[in-house]
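> Quick check, what structure comes out for this input:
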Amino acid sequence: MKPGYWRLLESTGQQKKLQGVKCICNQLSLTTKIDAEHPELRNYVRSQGWWNGDSDFNFSEVFSLSDDHLACCSGRESLEKQGGDVSAQAMIDVLRDKDSGVCVDSESFLTTASIVSVLPQDPSFPCVHYFTGTPDPSRSVFKPFIFVDDVKLVPKVQSPSFGNDDPAKKIPRFQEKPDRRHELYKAHEWARSLLENDQDKGQKLMRIMLDLEKQGLEAMEDILTRTEVLDPAEVVDLFYDCVDTELKFFK
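Residues are numbered from 1 along each chain as shown. Model prediction:
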């Protein structure tokens with residue numbers, strides 16, 4: 001899917017019926033109801049051939065790329081196929097769906113890092129977020145993260161800092177192209193190469209990674225269904241440990 005994220009609303013970590021389905025994507029939401037616009041807007045889009053001047057002026061249709069509309073519709077259709085029974089795993093499966101066009105991996109575009117969030121209605125339960133930290137969710141591992149005080153930082157998913165030597169800060173700017181890939185990103189690229197060049201080893205590695213992901217999902221399910229209040233100290237290094245484990249298997 002294009003940059004953006006999905007939100008999963010649940011009363012607990014268990015599957016619940018959703019009242020309707022919403023898809024958040026890059027498709028523009030402004031359509032025909034426009035409160036203010038540039039006086040030359042319509043003349044400009046007509047001169048570009050984007051609008052014929054006869055039909056209703058629909059800002060979204062005029063300025064959205066066709067792929068944006070298709071991806072948004074595909075995402076909604078994938079959700080509707082779940083029949084309303086939506087779990088974190090179901091959302092992950094939707095984000096990995098390449099056949100529908102939700103997940104894209106082409107020469108011109110690649111789906112960026114993805115997120116699935118479980119947002120309990122009961123405030124006594126923590127919100128659980130699953131981050132990939134790497135592009136292409138079909139080949140990435142969704143790792144759990146819970147916001148708590150003193151959460152352990154994860155340098156291995158942070159782009160390197162170049163300080164005053166950063167080409168973005170030098171004048172003239174952007175004369176060089178530094179390597180901004182973080183450690184997990186580099187390891188993920190290696191795994192992608194393995195999947196493409198050695199199918200047997202690649203599939204074996206992918207099965208291992210998906211098993212790790214499953215363990216994380218089950219552990220969070222336990223947290224979201226237990227009766228006692230979560231001790232923040234229990235999860236301060238949760239995401240750090242998941243990233244560290246993933247890197248060990250990549251190496």
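
> Show me where the stretch 1-150 of the chain has its helices.
According to DSSP state H, counting those that start in this stretch, the stretch 1-150 of the chain carries its helices in the segments 41-47, 59-63, 66-81, 88-95.

> where among those is the average confidence lowest?
Ranked on mean pLDDT, the bottom entry among the helices of the stretch 1-150 of the chain is helix 66-81, at a mean of 62.

> Look up how far residue 30 lies from the residue located most distally from the centre of the chain.
Here the chain reaches farthest from its C-alpha mean at residue 54, the gap being 38.7 Å by Cα atoms, centre = their mean. Separation of residue 54 from residue 30 (Cβ to Cβ, to the nearest Å): 20 Å. In short, each C-beta sits where N, CA and C put it, glycine included.

> Low-confidence regions, the stretch 51-200 of the chain specifically.
Counting by pLDDT under 70, the ranges of the stretch 51-200 of the chain that qualify are 65-76, 82-85, 107-108.

> try 90
60-87, 90-91, 93-113, 121-124, 164, 192, 195-196, 199 (pLDDT under 90).

> Can I take it that residue 192 is in a strand?
No: read with DSSP: H, G, I helix; E, B strand; the rest coil, residue 192 is helix and lies in no strand.

> Wait, it touches residue 136, no?
Yes: judged on Cβ atoms under 8 Å, residue 192 makes contact with residue 136 at a distance of 7.4 Å.

> Select the longest helix from this structure.
helix 199-225 (DSSP state H).

> Can you list the buried residues in that one?
Residues of helix 199-225 classed as buried: 202, 205, 206, 209, 212, 213, 216, 217, 220, 221, 223, 224 (neighbour count, 16 or more other Cβ atoms under 10 Å).

> now, which of those sits nearest residue 88?
Nearest to residue 88 among the buried residues of helix 199-225 is residue 217, at 6.0 Å by Cβ to Cβ.

> how close does that closest one get to residue 228?
Distance from residue 217 to residue 228, by Cβ to Cβ: 20 Å.

> how many other residues sit next to the nearest residue to residue 28 once chain neighbours are set aside?
The shortest distance from residue 28 to any non-neighbouring residue, by Cβ to Cβ, 6 or more residues apart in numbering, is to residue 60 (4.1 Å). Close neighbours of residue 60, defined as other Cβ atoms under 10 Å, add up to 14.

> tell me the contacts of residue 60?
27, 28, 29, 30, 31 (Cβ atoms under 8 Å, 6 or more residues apart in numbering).

> Please indicate which of the residues you listed has the highest neighbour count?
Within the contacts of residue 60, neighbour counts (other Cβ under 10 Å) peak at residue 27, which reaches 19 neighbours.

> and residue 181, what does it touch?
Shown in contact with residue 181 (Cβ under 8 Å, 6+ apart): 159, 189.

> Does it lie in a helix or a strand, and which?
Under the criterion DSSP states H and E, no helix or strand holds residue 181.

> ok, residue 104 - how many residues close by?
Neighbourhood size, residue 104 [other Cβ under 10 Å]: 17.

> That one and residue 174: what is the separation?
Counting by Cβ to Cβ - residue 104 and residue 174 are separated by 27 Å.
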